[in-house]
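Enquirer: Sequence first, then the predicted structure, then my questions.
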Amino acid sequence: MVLSEAEALARLEALRRQRDAIERQIADLLLYLDLGRRLGGPAAPAQPSPDADGRADAPIPVPEPTPQPAQAPAAAPPAPPSAAPERPPVPAFAVPVEGEVGLSETVLARRYGRALIEAVLAVLEEAGRPMHASEILARISEQGFSLPGQDPVAALNTRLWKRSGPGGPLKRLGEAVYAPADAEEA
């Protein structure tokens, strides 16, 4: 079987798409397994043990990749998908000031995280009482802070929980309830 250059390139592109799809599925499954382990979910059912012949009782089904229809070679290569996902706008206090133009995103993210915790501490001091993460989020959102993800309360709770350990600026009083670490217990 002799392929023309265009046919070979088309088949190569189809195989690359299949490989990319499989790699995405593998990455998703690895993330899912890791998340399950971290959350301490129910254990996965044990794999069947091999018998004396070294064969397992039942084979594990593996989904077959769906064949991609052959495409006619195009005159020009397809345009790459947009690589930059949309990002939320950066608050003014996370933007570098004059003389700090070369700061990396990591530095800016850390600065934003510290500013967020300072704002949380100010909100808790102003309230004068322990507050739930959802209440804190409502107050800091009014100040221009935002948190990524589908559940911003959970994202804030995680950040606060990480800073509520020994020596941290916060103390955790209950499920997603926080107070400044220096506040006296009632």
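Expert: Received, thanks. Numbering: from 1, shown residues only.
Enquirer: what helices or strands is the lengthiest helix in the chain leaning on?
Expert: Once the chain is assigned using DSSP state H, the helix that runs over the most residues is helix 5-39. Under the contact criterion of 3 or more CB pairs under 8 Å, 6 or more residues apart in numbering; DSSP states H and E, the helices and strands touching helix 5-39 comprise an empty set. Where you see a C-beta, it was placed from the backbone N, CA and C, and this is true even at glycine.
Enquirer: what comes up buried for that helix?
Expert: For helix 5-39, the neighbour count (16 or more other CB atoms under 10 Å) marks 10, 13 as buried.
Enquirer: Go through the following helix or strand past that helix and flag the buried ones.
Expert: Later in the chain than helix 5-39, the nearest helix or strand by DSSP states H and E is helix 105-127. For helix 105-127, burial by neighbour count (16+ other CB under 10 Å) applies to 111-112, 115-117, 119-121, 123-124.
Enquirer: Using CSV, write out every CA atom in helix 105-127.
Expert: Taking only C-alpha atoms (Å, rounded to 0.1, in the frame of the first residue of the first chain), the coordinates of helix 105-127 have been written out as CSV:
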residue,chain,number,x,y,z
GLU,A,105,2.5,35.8,37.6
THR,A,106,3.6,33.7,40.6
VAL,A,107,4.8,36.8,42.4
LEU,A,108,1.6,38.7,41.6
ALA,A,109,-0.5,35.7,42.7
ARG,A,110,1.3,35.5,46.0
ARG,A,111,0.8,39.2,46.5
TYR,A,112,-2.9,38.8,45.7
GLY,A,113,-3.2,35.9,48.2
ARG,A,114,-1.5,38.0,50.9
ALA,A,115,-3.8,40.9,50.2
LEU,A,116,-6.8,38.6,50.3
ILE,A,117,-5.9,37.3,53.8
GLU,A,118,-5.3,40.8,55.0
ALA,A,119,-8.7,41.8,53.7
VAL,A,120,-10.2,38.7,55.5
LEU,A,121,-8.5,39.7,58.8
ALA,A,122,-9.8,43.3,58.4
VAL,A,123,-13.4,42.0,57.8
LEU,A,124,-13.2,39.7,60.9
GLU,A,125,-11.8,42.5,63.0
GLU,A,126,-14.6,44.9,61.8
ALA,A,127,-17.3,42.3,62.5
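Enquirer: Can you give me the distance of Ala27 to Arg19?
Expert: Distance, Ala27 to Arg19, using CB to CB, to the nearest Å: 12 Å.
Enquirer: which residues of this protein score low on pLDDT?
Expert: In the predicted model, the chain carries pLDDT under 70 at residues 1, 41-102, 183-186.
Enquirer: Give the burial count for Arg129, as a bare number.
Expert: As a burial measure, the neighbour count of Arg129 was computed by other CB atoms under 10 Å and equals 11.
Enquirer: quick one, what contacts the residue nearest to it when sequence neighbours are not counted?
Expert: Once its chain neighbours are removed from consideration, Arg129 has its nearest residue in Ala179; the separation is 7.6 Å (CB to CB, 6 or more residues apart in numbering). Ala179 makes contacts with 124, 129-131, 170-171, 173, as judged by CB atoms under 8 Å, 6 or more residues apart in numbering.
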